[in-house]
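> What follows is a predicted structure for the sequence shown.
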Amino acid sequence: MSGLLEVTDLRRYYKVRAGRGPFAAKALLRAVDGVSFRIEAGRTLGLVGESGCGKSTTGKLALGLIEPTSGTVNYAGAAMPPTGGLEWRALRRRIQMVYQDPLGALDRRLPVGAQIMEPLAIHGDATPAERRERAGAVMDSVGLQPHQVDRYPHELSGGQRQRVVLARALMTEPDLLICDEPISALDVSIQAQVVNLLLDLQDRLGIAYLFISHDLRVVRQVSHDVAVMYLGRIVEQGEAESLFARPAHPYTRALVSAIPTTGAGPRRERLLLQGDPPNPVNVPAGCTFHTRCPFATAQCRSEVPLLRTLDDGREVACHRVLESALQVAA
Amino acid sequence: MAVLEAAPTTVAHRRLALPSVSVSLALLWLAMVIVIALGADLLRPYSITAMDLKARLTPPVLFGGNFAHPLGTDELGRDVFSRLMLSIRMSLLIALFGTLIAATLGTALGFLAAHFRRGVESVILMAIDFQASMPFMIIALSVLAFFGNTLLLFIALMGFHSWERYARIARGLTLAANEQGYAAAVRQLGAGPGRIYGLHILPNIASTLIVSMTLTFPEIILLESGLSFLGLGVQPPLTSLGNMVGYGREYITRAPWIMLAPAGVIVLTTLSISLLGDWLRDRLDPTLR
């Protein structure tokens, strides 16, 4: 089965000024540096990593919202059309996005009902009466009350706003929803509601998700597969349960060991990382993670590790992943 | 409980339904000014060129004059009240169309700059800087000196006053909206530029533009007055508020009413429009309801 969304060796570089002042040298910021993944219909890929590692840029590239410096995005077997063109606009029906800040993503001067109906108006689908009917059905399915049609975004709570954004995204019955930190701006209790709603919608409608988040617990809950990003590259990718149960890359291990636990069960070994992620303008030579990796060797400092597939289908970019000493340490 | 819930809504409704006293007065004044402007030909008691040399420099009604000339007469015995009515029409016409031309042109150029970026944007920004760095009075003087003075040209010229302000505002706010937030979201939904700019960005930045319009409207009235005062604006026998002030200045000690009547209208009208602009801004913002 071929993937719904296939991303191959995607790169996005930005020209920036290194340092301050008008005469500072130009430098290249590698926001996304050779990312490949695929999402099957009806499945969820979780994309995790710390702030500034290129998660959101990857999401925008996958949407075709920005053009990649190099690499390809294929949607349902066809290449992503040029951003902003007619073809690209028509494709929006199939791919939709859910945003981190629902208030910012909604037009505060329009009632939410009009905004939920807007995708159909844009694509010229259905008569106004049918649009209203469909909006009513979708609002019901995301748990909004019919009378909230005439409300303005600022009159709704955070959770309700995110439901409005979701309802708007679902109006054209998309196959793929790109969720960019959809719950990180919400209260914990609302987070659970929205996550359950997303899972429920996937069950009923068979939508595929690209779920971008830094909240590992939620990613574990919603994802079938998980990709871990560090400094613009995927360092580990695999089936969600096994990745969280037996992380192979030292960075993933550090992330997983940082997930808070309830205290019951055996105490886990904590892998604490030192320092901050390096500046993406000056990416370290070799493995980008070697500056913070407790297991780094001379080889890690000089040679870039490539993603290699392990026996169980896991992909890891680490020179020392097969060494038995490290397996024991984990 | 029901009483508690009902109370805030009625307060909110009252605030919406009834504008404050100052805004009501402003609205009343503007309505009167508009009625006068529209019906000047029917309402005026005399022709603006009708001279009554026996009644030269008659003072207004409460200052020793009579009801034949309620606002007095000027140095040629022309009725100030009648001239004021036609002046209001002329000045409003110039200011209204001047403001509309400037707002439309400026906003359109601002959208173009923000939409196309690169070359288009640099050209528009350069034009903005050029316009902003030249005193408009000098541009106006040279245009009027070279092309002569017709009413149409004069209105078009007023339209070029302050377009750069709208262009700057529209460009800045559009860039901000395009980068993140609702405009990017709507673009992501597949909307074309017409829908994004017309249905989403324009309503969102309209309040800022409207406030700016209420600022430039009086400015254009004053600019027209200034040019007319210099003899470059509206030419006799036509008359405008500034034109009246200009010709009345020679009689300021002996017959101050010739100048004070149009000056008073300028002050009250510009003040009313500013008040109305503030009120409109609040009315147009659903988050303030």
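Ah, there it is.
> Enumerate every residue touching the residue in the stretch 1-150 of chain B that chain A sits nearest to.
Residue of the stretch 1-150 of chain B nearest chain A, by Cβ to the nearest Cβ: residue B:115 (10.3 Å). To be clear about C-beta, it is placed using only N, CA and C from the backbone, and glycine gets the same treatment. Listed by Cβ atoms under 8 Å, 6 or more residues apart in numbering or on different chains, the contact set of residue B:115 reads B:174, B:193, B:197.
> Checking residue A:97 next. Helix, strand or coil?
State at residue A:97, reduced to three classes by DSSP: H, G, I helix; E, B strand; the rest coil: strand.
> Using the three-state scheme, assign residue A:27.
strand.
> can you map out the helices along chain B?
For chain B, the helices defined by DSSP state H occupy B:2-17, B:21-43, B:80-116, B:118-133, B:136-147, B:151-159, B:163-179, B:182-188, B:193-195, B:202-229, B:241-248, B:257-284.
> Residue of the stretch 101-250 of chain B closest to chain A, please.
Closest point on the stretch 101-250 of chain B to chain A, by Cβ to the nearest Cβ, is residue B:190, at 3.2 Å.
> Return the backbone torsion pair for that residue.
Reported as degrees, to the nearest 10, the phi and psi values for residue B:190 are phi 100, psi 10.
> For the spatially closest residue to it that is not a sequence neighbour, list the residues it contacts.
Spatial nearest neighbour of residue B:190, excluding adjacent residues (Cβ to Cβ, 6 or more residues apart in numbering or on different chains): residue A:92 at 3.2 Å. Shown in contact with residue A:92 (Cβ under 8 Å, 6+ apart): A:119, A:122, A:123, A:172, B:188, B:189, B:190.
> of those residues, closest to residue B:234?
residue A:122 (48.4 Å; Cβ to Cβ).
> before we move on, back to that, residue contacts, the residue of the stretch 101-250 of chain B closest to chain A?
Contact analysis of residue B:190 by Cβ under 8 Å, 6+ apart lists A:88, A:89, A:90, A:91, A:92, A:93, A:119, A:122, A:123.
> quick one: which two of these are the most distant?
A:88 and A:119 (14.8 Å).
> Those two: which is more packed in?
Applying other Cβ atoms under 10 Å in any protein chain shown to residue A:88 and residue A:119 shows that residue A:119 carries more neighbours, namely 28 against 17.
> Is the more buried one part of a helix or strand, or is it coil?
Applying three-state DSSP: residue A:119 is helix.
> Check it and give its pLDDT.
As predicted, residue A:119 sits at a pLDDT of 88.
> Kindly report the same for residue B:129.
At residue B:129, pLDDT is 91.
> gap between the two ends of stretch B:54-61?
Start-to-end span of stretch B:54-61 (Cα to Cα, to the nearest Å) is 17 Å.
> same question, stretch A:47-63
14 Å.
> quick check, stretch A:57-74 touching chain B?
Yes. Judged by Cβ under 8 Å from any Cβ of the partner chain, stretch A:57-74 and chain B are in contact via A:63, A:65.
> so how far is that stretch off the chain centroid?
Averaging C-alpha positions (Cα atoms, centre = their mean, to the nearest Å) puts stretch A:57-74 13 Å from its chain's average.
> Contacts for that stretch, please.
Contacts of stretch A:57-74 (Cβ under 8 Å, 6+ apart): A:3, A:5-13, A:31-32, A:34-36, A:47, A:79-83, A:88, A:91, A:95, A:97, A:178, A:180, A:210, A:212, A:229, B:184, B:188.
> low-scoring stretches of the stretch 1-150 of chain B, by residue?
B:1-18 (pLDDT under 70).
> run the last query once more with 90
B:1-21, B:37, B:39-84, B:86, B:90-96, B:115-119, B:130-150 (pLDDT under 90).
> Now do the contacts for residue A:32.
A:10, A:11, A:12, A:54, A:57, A:58, A:61, A:68, A:232.
> For the second one, give me the backbone phi and psi.
Right, the one you point to is residue A:11. Here residue A:11 shows phi and psi, under degrees, to the nearest 10, equal to phi -130, psi 140.
> Could you do the last one as well?
For residue A:232, the backbone dihedrals are phi 80, psi 0 (criterion: degrees, to the nearest 10).
> which residue sits closest to residue B:155, ignoring its sequence neighbours?
That would be residue B:97: by Cβ to Cβ, 6+ apart, it lies 5.0 Å from residue B:155.
> ok now do that neighbour, which residues does it touch?
Per Cβ under 8 Å, 6+ apart, neighbours of residue B:97: B:155, B:158, B:159.
> try residue A:101
With Cβ under 8 Å, 6+ apart, residue A:101 has these contacts: A:185, B:181.
> Distance of it relative to residue A:183?
12 Å (Cβ to Cβ, to the nearest Å).
> need the contacts of residue A:32 in JSON lines with distance to residue A:204, pLDDT and neighbour count, can you?
Output for the contacts of residue A:32, formatted as JSON lines (distance: Cβ to Cβ, whole Å; pLDDT from 0 to 100; neighbours: other Cβ atoms under 10 Å in any protein chain shown):
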{"residue": "A:10", "distance to residue A:204": "31", "pLDDT": "89", "neighbour count": "23"}
{"residue": "A:11", "distance to residue A:204": "36", "pLDDT": "90", "neighbour count": "16"}
{"residue": "A:12", "distance to residue A:204": "34", "pLDDT": "90", "neighbour count": "22"}
{"residue": "A:54", "distance to residue A:204": "32", "pLDDT": "86", "neighbour count": "25"}
{"residue": "A:57", "distance to residue A:204": "31", "pLDDT": "89", "neighbour count": "21"}
{"residue": "A:58", "distance to residue A:204": "27", "pLDDT": "91", "neighbour count": "28"}
{"residue": "A:61", "distance to residue A:204": "29", "pLDDT": "90", "neighbour count": "24"}
{"residue": "A:68", "distance to residue A:204": "33", "pLDDT": "89", "neighbour count": "23"}
{"residue": "A:232", "distance to residue A:204": "35", "pLDDT": "87", "neighbour count": "26"}
